[in-house]
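1. what follows is a predicted protein model with its sequence.
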Amino acid sequence: RVFVHESIIEEFVDRLVERTKKLRIGDPRDVNSDIGPMAHNDQFEKVLRYVDIGVKEGATLLHGGKRVNDLPEELREGYFLSPAIFTNCTDDMTICKQ
């Protein structure tokens, strides 16, 4: 969670999304990977539920929050999730309390 002054929010969010899109999701043993998989299916499903809750409670999902499918064959069974970026969140939202 990041608090950003309204005078720079647009530029900040644009840069955050741009940088997040450049993150390399893949095998955690590969030095070129920035993000590996979730440890197990229960955690993966829990994060997906929170993403869904965030959207249903009115937050704007700008990027990510979805299973990553464009991986090499040997990684497709893994619990890879793209990093989620939300805006328009309020303190009473579940995703802000977790």
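-> Nice, I can see it.
2. in the protein, which spans are strands?
-> Shown for the chain, the strands assigned by DSSP state E span residues 60-63, 85-87.
3. mind putting those strands into CSV with mean pLDDT and distance to E6?
-> Quick note: C-beta positions are derived from backbone N, CA and C, even for glycine. Listed next are these as CSV, based on pLDDT from 0 to 100; distance: least, Cβ to Cβ, whole Å:
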stretch, mean pLDDT, distance to E6
strand 60-63, 97, 15
strand 85-87, 96, 12
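4. turn those strands into TSV, including mean neighbour count and distance to M93.
-> Formatted as TSV, the strands of the chain follow (neighbours: other Cβ atoms under 10 Å; distance: least, Cβ to Cβ, whole Å):
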stretch	mean neighbour count	distance to M93
strand 60-63	16	11
strand 85-87	17	9
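5. would you turn those strands into JSON lines with distance to S33?
-> Below are the strands of the chain laid out as JSON lines (distance: least, Cβ to Cβ, whole Å):
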{"stretch": "strand 60-63", "distance to S33": "18"}
{"stretch": "strand 85-87", "distance to S33": "19"}
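6. show me where the chain has helices.
-> 9-22, 41-56, 94-97 (DSSP state H).
7. need those in a markdown table (columns: mean pLDDT and mean neighbour count).
-> Output for the helices of the chain, formatted as a markdown table (pLDDT from 0 to 100; neighbours: other Cβ atoms under 10 Å):
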| stretch | mean pLDDT | mean neighbour count |
| --- | --- | --- |
| helix 9-22 | 97 | 12 |
| helix 41-56 | 97 | 14 |
| helix 94-97 | 95 | 13 |
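8. that's all I had, so thanks and see you.
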